[in-house]
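Undergrad: predicted model, plus sequence, below.
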Amino acid sequence: MIPSLRIDDRLIHGQIALVWSKAFGTNRIVVANDKAVTDEVTNVSLQMAVPTGIKLLIKTVDDAVKLFHDPRATESSIFVLTNCIADAVKIVKACPGMIQSVNVANVGRFDTSPSSEKQVLSSTIIVNRAELEALKELAAMDIPAYQQVIPSDAKKPVKDLLKGH
């Protein structure tokens, strides 16, 4: 079961390790990120950030999709993290009915696109043109998609963030 796929450009950090993993009662975190698999510093940093008792898997996006289709994956509560909207859309498309919701939490702060190509949708969501199109595609899918930085925040529907864009 995948209660949530969270888009967070930092991937794993204190909120994820201490707050979100407890909120979902998860025993597994899957980071679906092609760079993290091959970048040793990122890989080690992510592993150090995971609390004791939670298993971390760092997979390419394609390998994460394969993992989610493994029948054994339904036996665990898996919290999935990506750092961009396009990867989340790819996973949702490849895993119909497997993901209960998508949380677009923190996006775009490390994007090196020219400022003229970026749009600020909220204090934690800044998108370039490609990510804006991916967000529109996500909003059109039949899955709850919202912004929620911490569990105590209200869920703001992605469709509301896109009004006027």
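TA: That came through fine.
Undergrad: give me the distance between whichever helix in the chain runs longest and the centre of its chain.
TA: Counting residues, the longest helix found in the chain (DSSP state H) is helix 129-140. The chain centroid and the centroid of helix 129-140 are separated by 14 Å, computed with CA atoms, centre = their mean, to the nearest Å.
Undergrad: so after that helix, what's the next helix or strand?
TA: Moving toward the C-terminus from helix 129-140, the next helix or strand (DSSP states H and E) is strand 145-147.
Undergrad: give the buried residues for that next one.
TA: Judged by neighbour count (16 or more other CB atoms under 10 Å), strand 145-147 contains these buried residues: Ala145, Tyr146, Gln147. All C-beta atoms are positioned from the backbone trio N, CA, C, and that covers glycine.
Undergrad: show me which of those is closest to Ala139.
TA: Ala145 (5.9 Å; CB to CB).
Undergrad: show me what that closest one is bridged to.
TA: Counting by DSSP bridges, Ala145 forms beta bridges with Val102.
Undergrad: is it true that it touches Val104?
TA: Yes - counting by CB atoms under 8 Å, Ala145 does reach Val104; the two are 6.5 Å apart.
Undergrad: what touches both of these two?
TA: Common neighbours of Ala145 and Val104 (criterion: CB atoms under 8 Å, 6 or more residues apart in numbering): Leu138, Val158.
Undergrad: right, and the helix or strand after the helix or strand bottoming out on mean pLDDT in the chain?
TA: Least confident helix or strand, the chain: helix 14 with a mean of 66, by mean pLDDT, DSSP states H and E. The C-terminal neighbour of helix 14 among helices and strands, as given by DSSP H and E, is helix 21-24.
Undergrad: so for that next one, what gets flagged as buried?
TA: Within helix 21-24, the residues that count as buried by 16+ other CB under 10 Å are Ser21, Phe24.
Undergrad: same for whichever helix or strand comes after that helix, what does it pack against?
TA: Elements were assigned by DSSP H and E; along the chain past helix 21-24, the next helix or strand is strand 28-32. Applying 3 or more CB pairs under 8 Å, 6 or more residues apart in numbering; DSSP states H and E, one finds that strand 28-32 makes contact with strand 55-59, helix 61-69, strand 78-82.
Undergrad: report the angle between the longest one and strand 78-82.
TA: So that's helix 61-69. Helix 61-69 and strand 78-82 are oriented at 170 degrees to each other (axes from the mean of the first three to the mean of the last three CA atoms, to 10 degrees).
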